[in-house]
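Asks: Let me see the structure of the following:
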Amino acid sequence: MADTPEDAARRESYALTIAPVNRQLLDLLFSLVYMLDDFEKRSLEYQRAGWREIVEEYQKFSTEFAHDPEWKPFLDAQKQTIDFYEKLFGITAAQRAKPSLIPFWKHPSELKNARTASRPFLRWLDKWLYHDTSAQAHLSFGGLLAVSPILVAELVSEDAKKHVSGRTFPQYRFRQFSRTALVTLAIATEANHSYCLGNSAQVSYVWKVFVEHIPEAREMFKMRYDKMT
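Replies: Here you go, the predicted model:
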């Protein structure tokens, strides 16, 4: 993404890698905001869902490789991990016998509709930031259409190349990179506010800079973060 120092190995199309990174950051923000509405209960739900995933992975590998001596150290270590977290997370006998009793952790499309204090913000986040970012990360056809001018820029006419290089690409790069910075700032703001980390002055300063220059930052700030800075 950088302009400097100059590097002949850089290509404009590398900016397309940012959407998947932004999707991961948005996944994190969705989960964090949802958990912080009822942290003790929901963080435990998150941890138990992770325990189920580890158990199901263990069962998959054990079914396939239990009789292979080369797999024994790996399977033994995984079993020890399962036993350790089973006690730590208070897994019941029924859940131990049937891990599917523990629900998987919700995806953003589910979290936005959950009955929680932050539902209006999560719905805004899904509508204005997550939906198109996820489409581009997964390369649904709609997401592919959005990035196709950059992908085929070298195959079209000189006029089209100039348009992509002078307008389409700078707009795309600014939008994606600003989202990376914006969502990272939102995550930092959540942590600072919830745990009184003492960085409010720095957080407030960065928000002011973003609000001045990024339309999405202005809306996001009004939706949630003006109350935290």
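Asks: Tell me where this protein has helices.
Replies: With DSSP state H as the criterion, the chain has helices at 18-36, 39-65, 72-88, 93-97, 108-111, 119-125, 131-138, 141-151, 158-163, 169-195, 200-213, 215-223.
Asks: Break the protein into its domains for me.
Replies: With domains defined by automatic domain parsing, the chain comprises 12-37+116-227, 38-108.
Asks: Those domains: lowest mean pLDDT?
Replies: Lowest mean pLDDT within those: domain 12-37+116-227, a mean of 91.
Asks: Next one: R119 from V33, what distance?
Replies: Here the criterion is Cβ to Cβ, to the nearest Å. By it, R119 lies 10 Å from V33. To be clear about C-beta, it is placed using only N, CA and C from the backbone, and glycine gets the same treatment.
Asks: So between those two, which is more surrounded?
Replies: Between R119 and V33, V33 has the larger neighbour count (other Cβ atoms under 10 Å), namely 21 against 16.
Asks: Provide a list of residues in contact with the more buried one.
Replies: 118, 121-122, 125, 190 (Cβ atoms under 8 Å, 6 or more residues apart in numbering).
Asks: Residues contacting stretch 50-61, please?
Replies: Applying Cβ under 8 Å, 6+ apart, the contact partners of stretch 50-61 are 71, 74-75, 78-79, 81-82, 85-86, 89, 91, 99-100, 102, 104-105.
Asks: Restrict those residues to the buried ones and give me that as a ChimeraX selection.
Replies: Command for ChimeraX that selects the buried part of the contacts of stretch 50-61, burial taken from 16 or more other Cβ atoms under 10 Å:
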select :78,82,85,86,89,91,99,102,105
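Asks: Quick check: of the contacts of V33, which lies closest to L139?
Replies: Of all the contacts of V33, L139 sits closest to L125, with 21.5 Å by Cβ to Cβ.
Asks: burial count for the closest one?
Replies: Per other Cβ under 10 Å, the neighbour tally for L125 reads 24.
Asks: what do you get for I214?
Replies: Look at I214: counted by other Cβ under 10 Å, it has 18 neighbours.
Asks: Leaving out chain neighbours, which residue sits closest to it?
Replies: S178 (5.0 Å; Cβ to Cβ, 6 or more residues apart in numbering).
Asks: so what's the residue lying closest to P108 once chain neighbours are set aside up against?
Replies: With Cβ to Cβ, 6+ apart as the criterion, P108 has its nearest non-adjacent residue at 4.2 Å, and that residue is F30. Listed by Cβ under 8 Å, 6+ apart, the contact partners of F30 are 108, 111-112, 122, 125, 130.
Asks: could you measure F30 against A181, distance?
Replies: 18 Å.
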